[in-house]
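Student: next one to model:
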Amino acid sequence: MITMTNEHPQLGLFRSMLRIRMIEEAIADRYAEQEMRCPVHLSIGQEAAVVGACSALRKTDKVVTTHRCHGHYLAKGGDLRRMMAEIYGRDAGCCGGRGGSMHLFDDDAGVVVSQPIVGSSIPVGVGIALAFQQAQKDDVAMICLGDAATEEGVFHESLNFAALKKLPALFFVENNYFSVYTHLSNRQPVRPISNMALGHGMASAQVDGNDVLAVQEAVAAAVTRARAGEGPSLIVADTYRFREHCGPLFDDDLGYRSPEEVDHWKLREPLERFRQDLQSRNIIDAALEAKLKATIQGEIQDAFDFAINAPAPSPASLGEYVYAQNA
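Tutor: Take a look at the predicted model:
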């Protein structure tokens, strides 16, 4: 990711949010070309949550995530070229072209795994936190999940174990209110999701997930506790996705959410909201934003060019990575 020196730290947050938005919009725009032969789950509208959370981590902290993983991968510092090559199914992809959009990894950035099966990455993150503890490191494992994963048994088992062992883990829930097309109110009783931590004696917070600074503050506090050996936390960031559950388009015509609901969340759209805040404090203006966009657009074009021109995996490598190699 391209950065500028001596900039206001909040401008860096804005750039990261803008970059994720522009990258995912470019994916949506080019998806109809049918060269990206995998499903895509876009996080357009959820940028403040992922950027706020990852900005409170350091490089050696680890992240595990879900099928909606582009934002986490990019916000944590994942390689954009390798991400696009993976989505295009190329050998240069971060998973060798074998995984696609829902399987992004970057060891250098600390993105350990993304898994499309709901809840499946949660115990992996707990295992990483346990390894940190056993190695007497003060690194933290952030376990990213959606609201639907809180309904899985492994979520509660993992909270119980992490709390019992006082692991340096952060359970970060992006609550966008939908499990595919089913609203939270039709799946769970009316109470804050963060209350689930109470039964495990775990610290928790529920924050405005479209406020990047609020998310950053909450995650930073949880990370500080974890590094000090005070155990795990559950943070719920309330946010909203604007595109369809899976794919590049919009699916509001299906009737699972009302136009009034969508309009309500558009008024809280995170990028515009943060832009207005920074403008009011003279941190950004139209000229600077145009410069940021031009730089990001150049990076995006480079990544697409790299992916399109990269070779596909060799058929001779089909059997590789199927079984663990002997040590």
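Student: residue 147 contacts residue 180, correct?
Tutor: No - proximity of residue 147 to residue 180 does not meet the contact threshold set by C-beta atoms under 8 Å, at 11.5 Å. For the C-beta atoms, the positions are set from N, CA and C on the backbone; glycine is no exception.
Student: and the residue nearest to residue 69 when sequence neighbours are not counted, how many neighbours?
Tutor: For residue 69, ignoring the flanking residues on the chain, the nearest one in space by C-beta to C-beta, 6 or more residues apart in numbering is residue 114 at 3.8 Å. Number of residues near residue 114 (other C-beta atoms under 10 Å) recorded here: 27.
Student: quick revisit: more crowded one of residue 147 and residue 180?
Tutor: Neighbour count, other C-beta under 10 Å: between residue 147 and residue 180, residue 147 has more, with 21 against 11.
Student: where does the more buried one land on pLDDT?
Tutor: Listed pLDDT for residue 147 reads 97.
Student: what is the burial count for residue 185?
Tutor: Using other C-beta under 10 Å, residue 185 has 9 other residues around it.
Student: can you tell me the SS state at it?
Tutor: Taking DSSP: H, G, I helix; E, B strand; the rest coil as the rule, one finds residue 185 in the helix state.
Student: can you name the residues that contact it?
Tutor: Under the criterion of C-beta atoms under 8 Å, 6 or more residues apart in numbering, residue 185 has no neighbours.
Student: so which residues of this protein form helices?
Tutor: 9-30, 47-54, 70-75, 80-87, 122-134, 153-165, 212-227, 259-266, 270-280, 286-309 (DSSP state H).
Student: I'd like these written out as JSON lines, with distance to residue 101, mean neighbour count and mean pLDDT added.
Tutor: Shown next, in JSON lines, are these (distance: least, C-beta to C-beta, whole Å; neighbours: other C-beta atoms under 10 Å; pLDDT from 0 to 100):
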{"stretch": "helix 9-30", "distance to residue 101": "8", "mean neighbour count": "19", "mean pLDDT": "98"}
{"stretch": "helix 47-54", "distance to residue 101": "15", "mean neighbour count": "31", "mean pLDDT": "98"}
{"stretch": "helix 70-75", "distance to residue 101": "7", "mean neighbour count": "27", "mean pLDDT": "98"}
{"stretch": "helix 80-87", "distance to residue 101": "5", "mean neighbour count": "25", "mean pLDDT": "98"}
{"stretch": "helix 122-134", "distance to residue 101": "19", "mean neighbour count": "20", "mean pLDDT": "98"}
{"stretch": "helix 153-165", "distance to residue 101": "23", "mean neighbour count": "18", "mean pLDDT": "98"}
{"stretch": "helix 212-227", "distance to residue 101": "24", "mean neighbour count": "21", "mean pLDDT": "98"}
{"stretch": "helix 259-266", "distance to residue 101": "24", "mean neighbour count": "12", "mean pLDDT": "95"}
{"stretch": "helix 270-280", "distance to residue 101": "22", "mean neighbour count": "17", "mean pLDDT": "97"}
{"stretch": "helix 286-309", "distance to residue 101": "12", "mean neighbour count": "15", "mean pLDDT": "98"}
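Student: need the ones you listed in CSV (columns: distance to residue 253).
Tutor: Formatted as CSV, those follow (distance: least, C-beta to C-beta, whole Å):
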stretch, distance to residue 253
helix 9-30, 17
helix 47-54, 24
helix 70-75, 24
helix 80-87, 26
helix 122-134, 33
helix 153-165, 32
helix 212-227, 30
helix 259-266, 10
helix 270-280, 24
helix 286-309, 29
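Student: for residue 143, find the nearest of the ones you listed.
Tutor: Nearest to residue 143 among the helices of the chain is helix 122-134 (3.4 Å), distances taken as C-beta to C-beta.
Student: so how far is residue 282 from residue 152?
Tutor: Taking C-beta to C-beta, to the nearest Å as the measure, residue 152 falls 46 Å from residue 282.
Student: settle it for me: which of these two has more neighbours?
Tutor: Taking other C-beta under 10 Å, residue 152 and residue 282 do not tie; residue 152 has more neighbours (16 against 8).
Student: so who does that one touch?
Tutor: 118, 119, 122.
Student: for the last one, which non-adjacent residue is closest in space?
Tutor: Counting by C-beta to C-beta, 6+ apart, residue 122 lies nearest to residue 158, which is 4.8 Å off, once chain neighbours are set aside.
Student: so that neighbour sits against residue 128, correct?
Tutor: No - in this structure, residue 158 is not within contact of residue 128 by C-beta under 8 Å, at 11.6 Å.
Student: thinking again about what came up before, my guess is the residue nearest to residue 69 contacts residue 74, does it?
Tutor: No - counting by C-beta under 8 Å, residue 114 stays clear of residue 74, with 11.9 Å between them.
Student: on that earlier part again, which one of the contacts of residue 152 is nearest residue 70?
Tutor: Nearest to residue 70 among the contacts of residue 152, with distances taken as C-beta to C-beta, is residue 118, at 17.2 Å.
Student: and the helices of the chain: which comes nearest residue 243?
Tutor: helix 9-30 (6.9 Å).
Student: what packs against the closest one?
Tutor: helix 47-54, helix 70-75, helix 212-227, helix 270-280, helix 286-309 (3 or more C-beta pairs under 8 Å, 6 or more residues apart in numbering; DSSP states H and E).
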